[in-house]
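Colleague: Sequence and predicted model, in that order:
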Amino acid sequence: NAGVTQTPKFQVLKTGQSMTLQCAQDMNHNSMYWYRQDPGMGLRLIYYSASEGTTDKGEVPNGYNVSRLNKREFSLRLESAAPSQTSVYFCASRGGGSGSGANVLTFGAGSRLTVL
Amino acid sequence: AQRVTQPEKLLSVFKGAPVELKCNYSYSGSPELFWYVQYSRQRLQLLLRHISRESIKGFTADLNKGETSFHLKKPFAQEEDSAMYYCALSGLGGGADGLTFGKGTHLIIQP
């Protein structure tokens, strides 16, 4: 049971470079999320996708783009990386329905990004 | 608007002492509340949710609608409880698909 898989786990970029963080879930969840985690700031939502084909901005969307490629995959792209985007990024998906997993977030292992 | 407040960024207690991590929320309807935990360099995971009314790893949390609180408690802290704890609310009509996180509390259990 893989749950939520994120790649890469670590990445170092130079200012201005671009990259895409990949996320895939195998739980047939409709909703998927991208968060960044910074010391003292907690989790901050970048973008989310409530269902396949839709995406919405979260609290800190500037400098990022997302693609909900299909129900399983939700990618996060940095077009021109900046040092302020140095962070740990977490992807998550959210269970629906009314069972024990309803409304519960399952997180990926995180991607540690450093922008020099 | 829905909001989750965790007033303590950092909480340090000694092993064997009681622990209480505070969480207050603002929401006009009947929310669903959660606690998530992140151990060092691990992914966040669900610790407990109020509708389950269960104790996980010795932790309990009771939803107090009058005080709009969902504090996390454990009578005797253990060193392995050291982690980052996030309170979260799921409601209707809020931003981000109705899901709101607090800023987190870093719990340190001293030996």
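Modeller: Okay, I see it.
Colleague: secondary structure class for whichever residue of chain B sits closest to chain A?
Modeller: Across chain B, no residue is closer to chain A than residue B:103, which sits at 3.6 Å (Cβ to the nearest Cβ). All C-beta spots, glycine's among them, are computed from the backbone N, C-alpha and C. Three-state assignment for residue B:103 (DSSP: H, G, I helix; E, B strand; the rest coil): coil.
Colleague: go on, the one 4 residues further on?
Modeller: Local secondary structure at residue B:107 is given as strand here, using three-state DSSP.
Colleague: number of nearby residues for it?
Modeller: Using other Cβ atoms under 10 Å in any protein chain shown, the number of residues around residue B:107 comes to 21.
Colleague: list the contacts for it?
Modeller: Neighbouring residues of residue B:107 by Cβ atoms under 8 Å, 6 or more residues apart in numbering or on different chains: B:11, B:12, B:13, B:19, B:21, B:81, B:82, B:83, B:84, B:85.
Colleague: before we move on, which element is the third one in?
Modeller: Secondary structure here is read from DSSP states H and E; on that basis residue B:13 sits in strand B:10-14.
Colleague: With just CA atoms, put that strand into CSV.
Modeller: Taking C-alpha atoms only, strand B:10-14 is exported to CSV below (Å, rounded to 0.1, in the frame of the first residue of the first chain):
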residue,chain,number,x,y,z
LEU,B,10,7.1,25.4,21.5
LEU,B,11,6.2,23.4,24.6
SER,B,12,8.8,21.7,26.7
VAL,B,13,8.0,19.3,29.5
PHE,B,14,9.8,16.7,31.5
